[in-house]
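> How does the following fold in three dimensions:
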Amino acid sequence: MNIIPVILSGGAGTRLWPVSRQAYPKPFMQLSDGQSLAALTFGRALKVATDNTVLTVTSRDYYFLCKDIYQANPQADMRKQYFLLEPSGRNTAPAIALAALQTQQLYGNEAIMVVMPSDHLIKDEELFIDTVKTAAQQASQGFLTTFGIYPTAPETGYGYIKAGQSLTAEGVSEIAEFVEKPDLATAKKYLASGEYSWNSGMFCFQVGALLQAFEDTAPDVLAAAKNCFDAVDSNQQQIEFNADLFTQLPDISIDYAIMEKAKKRAVVDSRFDWNDIGSWNAMAGLLDSDESGNRIEGKAVTVDARNNYIRAGDRLVAVVGVDDLMVVDTTDAVLIAHKNKSQGVKDVVQFLKAKAHDAAIYHTTVHRPWGSYTILEDEDDCKVKRLVVKPGQVLSLQKHYKRSEHWTVVTGTAKVRVGDDEFMLNENESVHIPVETLHRLENTTDTDIALIEVQCGSYFGEDDIVRYEDIYGRVKDQKAQ
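As a prediction, the model looks like this:
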C-alpha cells in the first residue's frame with residue numbers, strides 16, 4: 001500500500017496577528033521551542049510516507065519557505081518532494097482534487113492520500129502514525145475517511161462529526177452526519193452524547209475512490225481541475241498552474257463538495273493530541289504558567305499581574321496590575337486584548353487591510369526566494385534595509401525609476417552588476433546605483449552575504465521594481481519599460 005501525504009500549506013492565520021501575517025502566516029511562525037508548525041507537519045508526513053514522497057499544495061510565495069524548511073530535515077529526500085503551486089486560494093476541494101490527479105499520475109488509483117493541513121500541532125506522533133494506518137486500511141476499501149478528534153470540551157469553534165454504525169472493532173464508524181459549529185448549549189449535548197467528534201480537517205482517501213466521488217458529487221470541480229492539470233508539465237517537481245484556468249475552479253471546501261454528499265464515508269476515532277492553534281489562547285495553552293497563572297514567552301516582567309499571556313519579541317515587556325490579558329509584541333506592532341476576545345483579533349487585520357496598511361501583510365523582516373530583508377529605517381527621504389542573500393541565490397536584474405541605491409557589504413563577497421559593469425564587492429566595500437540603472441547582486445559563494453541598502457529618492461515602494469530577468473519566475477507578467 002502506497003501512502004502519500006498531501007500537505008495543505010497556506011492560510012493567513014489572522015487570529016494570530018501580529019506574528020502571523022499574510023506574507024508569513026501561521027504555519028511558518030515559531031513556537032516556543034523554536035520549531036514551526038510547517039516543519040513539524042513535514043516531519044510527521046515523512047514518518048507515514050511509504051517512500052519519502054510528499055506532495056505540498058501551496059502558493060509560489062510560500063514555496064520557497066516550505067522548501068527551505070524541508071531541506072533542513074535530514075530525513076527528507078528532496079528528489080521526492082512535489083510542490084503544486086496555486087496562483088490564488090480556492091479552498092480545499094480544488095487543492096485536494098489537483099493533488100489527487102498528481103498522485104494518480106505518480107502511483108495510480110490504488111495509492112492512499114493522507115491530507116494534512118500544515119498548521120496543526122500533534123505531539124503524540126506514534127499514536128498519530130497508528131491512527132493513519134487504521135484510516136489507510138479503511139480508505140483502501142473505498143471509504144472516504146476523515147479523522148474525528150475525540151472531544152475534550154464543548155468547543156464552539158469546531159465543526160462536529162456524528163458517528164454512525166461501527167465498521168470495525170478499531171474505532172472506525174460510518175459517518176451519520178456533519179454538523180456546523182454549534183452554540184455552547186448544543187456543543188455540551190454533543191459532548192455528553194459520546195456520538196460526536198471534532199472535525200479535524202484531515203482526511204484519508206484512495207485516489208480512485210476520491211476522483212470518482214468528485215465525478216459523482218462535484219463534477220465541476222473535477223473538470224476545472226483537469227483543465228488546470230492538463231495545461232502543465234506534471235512530470236516536474238514544482239508545478240505552477242495557469243492563473244486564468246485556476247480562477248475557473250469553484251471556491252469550495254472538501255466538506256461541502258464531497259464529504260457531506262458522498263455515500264461511502266468513514267470516521268476514525270482519533271485519540272492523539274491535536275491542536276489547530278486557532279487563537280492566542282490556544283498558543284498560551286502550550287505553555288506552563290507561573291505561580292500567578294501568567295504564561296510567558298520571551299523577556300517579560302510581571303508585577304501584581306495574573307492569568308496573562310505574554311509573548312515578547314526583541315524588547316522587554318513589563319505588565320503591571322492587570323489580569324486576563326494577551327500581550328503580543330513584535331518589532332513593529334503590539335497586540336493587547338482581553339483573553340475572552342481572542343477571536344476578535346481577525347477584525348484588526350480586516351481593518352488594516354481596509355486601510356492598505358503593510359502591517360496586515362508584512363513583518364519588518366520580509367522573506368524572499370533569495371533570502372530576506374529587514375527594514376531598519378523608513379522615512380520620507382530614505383529607506384534603509386539589511387539584506388541577507390543565501391548561497392547560490394541571485395536577485396533579479398532590475399531598475400528603479402524613483403530611487404537610487406547604495407549597497408555596502410557587511411559580510412561575505414557579492415558578485416554585482418551595475419549597468420554594463422560586473423565586479424566583485426568585498427566586505428566593507430560599497431557601490432552606488434543611480435536611478436534608472438540596471439543592477440543585480442549574486443551570491444556565488446557557500447556562505448550568506450549580508451549588506452546594507454540605503455535608498456534615496458521620492459518613492460520607495462516595492463512596485464518601483466522593473467524586473468528584466470529573474471530565476472524565480474517573477475517577470476512572467478511584467479513587461480520591461
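
> Could you look up the SS state of F351?
Put simply, F351 is helix when judged by DSSP: H, G, I helix; E, B strand; the rest coil.

> How many residues are close by the nearest residue to A266 once chain neighbours are set aside?
Nearest residue to A266 in three dimensions, chain neighbours excluded: F143, at 4.0 Å (Cβ to Cβ, 6 or more residues apart in numbering). For glycine as for every other residue, the C-beta is placed from the backbone atoms N, C-alpha and C. F143 has 24 neighbouring residues, counting by other Cβ atoms under 10 Å.

> now swap in D446 and tell me
Counted with other Cβ under 10 Å, D446 comes out at 8.

> show me what contacts it?
Going by Cβ atoms under 8 Å, 6 or more residues apart in numbering, D446 touches 391-392.

> mind checking how far T56 is from A224?
For T56, the distance to A224 equals 21 Å [Cβ to Cβ, to the nearest Å].

> For the stretch 301-450 of the chain, which segments count as helices?
345-354 (DSSP state H, counting those that start in this stretch).

> Poorly predicted segments of it, please.
Scanning the stretch 301-450 of the chain for pLDDT under 70 picks out nothing.

> likewise the stretch 51-200 of the chain?
Ranges of the stretch 51-200 of the chain meeting pLDDT under 70: 169.

> Tell me if I'm right that F143 and K263 touch.
No: if you go by Cβ atoms under 8 Å, F143 and K263 don't touch, sitting 10.0 Å apart.

> Now G461, what are its backbone angles?
With angles defined as degrees, to the nearest 10, G461 sits at phi -70, psi 150.

> cool, the one 4 residues further on as well?
Taking degrees, to the nearest 10, you get phi -120, psi 120 for the backbone angles of I465.

> Look at the nearest residue to it once chain neighbours are set aside and say how many residues are nearby.
Spatial nearest neighbour of I465, chain neighbours left out: Q398 (5.3 Å); criterion: Cβ to Cβ, 6+ apart. Neighbours of Q398 under the rule other Cβ under 10 Å: 21.

> sorry, back to before: might you report the residue contacts of the residue nearest to A266?
F143 is in contact with 167, 209, 264-266, counting by Cβ under 8 Å, 6+ apart.

> try 7 Å
264-266 (Cβ atoms under 7 Å, 6 or more residues apart in numbering).

> A95 now?
8, 57, 86.

> what do you get for L65?
28, 367.

> Roughly how far does it sit from M78?
From L65 to M78 the distance is 15 Å (Cβ to Cβ).

> in terms of contact, does V366 touch D358 like I think?
No: V366 is not in contact with D358 according to Cβ atoms under 7 Å; the separation is 9.6 Å.

> immediately after the longest strand that the chain contains, which helix or strand?
Secondary structure of the chain per DSSP state E: the longest strand is strand 196-206. Heading C-terminal from strand 196-206, the first helix or strand you meet, by DSSP states H and E, is helix 207-217.

> Beyond that next one, next helix or strand please.
According to DSSP H and E, the helix or strand after helix 207-217 is helix 219-230.

> Can you tell me how far Q165 is from S197?
15 Å.

> Tell me which of the two has more neighbours.
Set side by side, Q165 and S197 show more neighbours around S197, with 23 against 8, by other Cβ under 10 Å.

> Pairing partners for the more buried one in the sheet, please.
I161 (DSSP bridges).

> need the contact list for it.
S197 sits next to 148-151, 160-161, 163, 267, 269 when contact means Cβ under 7 Å, 6+ apart.

> run the last query once more with 6 Å
Neighbour list for S197: 148-149, 161 [criterion: Cβ atoms under 6 Å, 6 or more residues apart in numbering].

> Let me have the residues you listed in CSV, adding neighbour count as columns.
As requested, the contacts of S197 are exported to CSV (neighbours: other Cβ atoms under 10 Å):
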residue, neighbour count
G148, 25
I149, 26
I161, 27
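
> Between those residues, which sits nearest L16?
I149 (20.1 Å; Cβ to Cβ).

> Identify the bridge partners of the closest one.
Here I149, judged by DSSP bridges, has bridge partners W198, S270.

> okay, T56 and A224: which has more neighbours?
Using other Cβ under 10 Å as the criterion, T56 and A224 rank with T56 on top: 27 against 21.

> Excluding covalently adjacent residues, which one is nearest to the more buried one?
I7 (4.5 Å).

> now the angle from the helix or strand encompassing that neighbour to strand 196-206?
Taking DSSP H and E as the definition, I7 sits inside strand 3-8. With axes from the mean of the first three to the mean of the last three Cα atoms, to 10 degrees as the basis, strand 3-8 and strand 196-206 are set at 120 degrees to each other.

> quick one: buried residues of the next helix or strand after strand 3-8?
Next helix or strand after strand 3-8 toward the C-terminus (DSSP H and E): helix 37-48. Residues of helix 37-48 classed as buried under the neighbour-count rule (16 or more other Cβ atoms under 10 Å) are 37-46, 48.
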